[in-house]
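Participant: Sequence first, then the predicted structure:
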Amino acid sequence: MNLILLTASYPYIQGTEASFLNIEVEYLAKTFDRVVVVPEIRKERMPLNHPGIEVDTSYADVFASKGILDLTWLSLSSHILSLGVRESDFPRFSPTAWRRLIAFTGKAELIRRWAVGWMQRQNLDPKDCLFYSYWLDHAAAGLGMVKQQFPGLTLISRAHGYDI
């Protein structure tokens with residue numbers, strides 16, 4: 001089974017992800033046939049090196065190339081934008097709420113498109129993939145949309161303090 005781990009910046013050192021994931025990826029490498037770490041942000045420094053762990057920065061490259069207008073267009077093409085707006089407690093007159101919703105849905109749509117294309121380029125059977133989102137954020141939402149397209153796909157997301 002292939003494990004694809006989506007992170008904010010791991011294995012590039014930033015924030016607290018490394019303190020948690022350094023130990024976890026060693027276990028994951030022993031448990032899965034293939035472990036691919038996919039960071040959203042790539043730093044210029046070399047990433048941590050773990051035997052048996054691949055690092056794929058193709059999503060970080062795509063994410064870095066997108067500006068706010070690109071994310072806005074992606075957001076407008078995503079069905080989850082209308083779901084957010086229809087929430088009864090969505091503050092419709094708050095510019096901050098609209099910016100956050102558009103950024104969230106744009107990033108989720110970007111993840112969805114990347115994941116579908118990545119599985120196709122890797123020639124992977126979705127039933128042989130477990131996508132693991134380290135944060136319960138736009139990545140988890142985007143992967144949820146991928147699962148709608150590929151019901152056999154397995155998804156896991158971790159929820160931390162502010163996620164809950």
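Facilitator: Alright, I've got the coordinates.
Participant: Can you report how many residues neighbour T16?
Facilitator: Number of residues near T16 (other Cβ atoms under 10 Å) recorded here: 10. Placement of C-beta: from N, CA and C, glycine included.
Participant: Report pLDDT for it.
Facilitator: Looking at T16, its pLDDT reads 72.
Participant: which secondary structure elements does whichever helix or strand I23 is part of contact?
Facilitator: Element membership of I23 [criterion: DSSP states H and E] is helix 17-31. Helices and strands touching helix 17-31, by 3 or more Cβ pairs under 8 Å, 6 or more residues apart in numbering; DSSP states H and E, are strand 2-7, strand 34-39, strand 53-55.
Participant: Direction included, what does the first one pair against?
Facilitator: For strand 2-7, sheet partners with direction are given as strand 34-39 (parallel), strand 129-133 (parallel), following DSSP bridges.
Participant: Report the mean per-residue pLDDT for it.
Facilitator: 96.
Participant: could you give the angle of it to helix 17-31?
Facilitator: 180 degrees (axes from the mean of the first three to the mean of the last three Cα atoms, to 10 degrees).
Participant: same deal with the second one?
Facilitator: Orientation note: strand 34-39 sits at an angle of 160 degrees relative to helix 17-31 (the same axes, to 10 degrees).
Participant: And the pLDDT at the residue nearest in space to the middle of the chain?
Facilitator: Residue closest to the average C-alpha location in the chain (Cα atoms, centre = their mean): A139, at 3.0 Å. A139 carries a pLDDT score of 94 in this model.
Participant: Could you list the low-confidence segments of this structure?
Facilitator: Along the chain, the model assigns pLDDT under 70 to residues 13-15, 46-48.
Participant: Show me where it has its helices.
Facilitator: 17-31, 58-64, 68-76, 79-86, 95-122, 138-149 (DSSP state H).
Participant: tilt between the third one and helix 95-122?
Facilitator: With the same axes, to 10 degrees defining the directions, helix 68-76 sits at 80 degrees from helix 95-122.
Participant: Just want the angle from helix 68-76 to helix 138-149.
Facilitator: Going by the same axes, to 10 degrees, helix 68-76 makes 40 degrees with helix 138-149.
Participant: Now do helix 68-76: everything it contacts.
Facilitator: By Cβ atoms under 8 Å, 6 or more residues apart in numbering, the residues outside helix 68-76 that reach it are K66, L81, L101, I102, A103, T105, G106, K107, E109, L110, R113.
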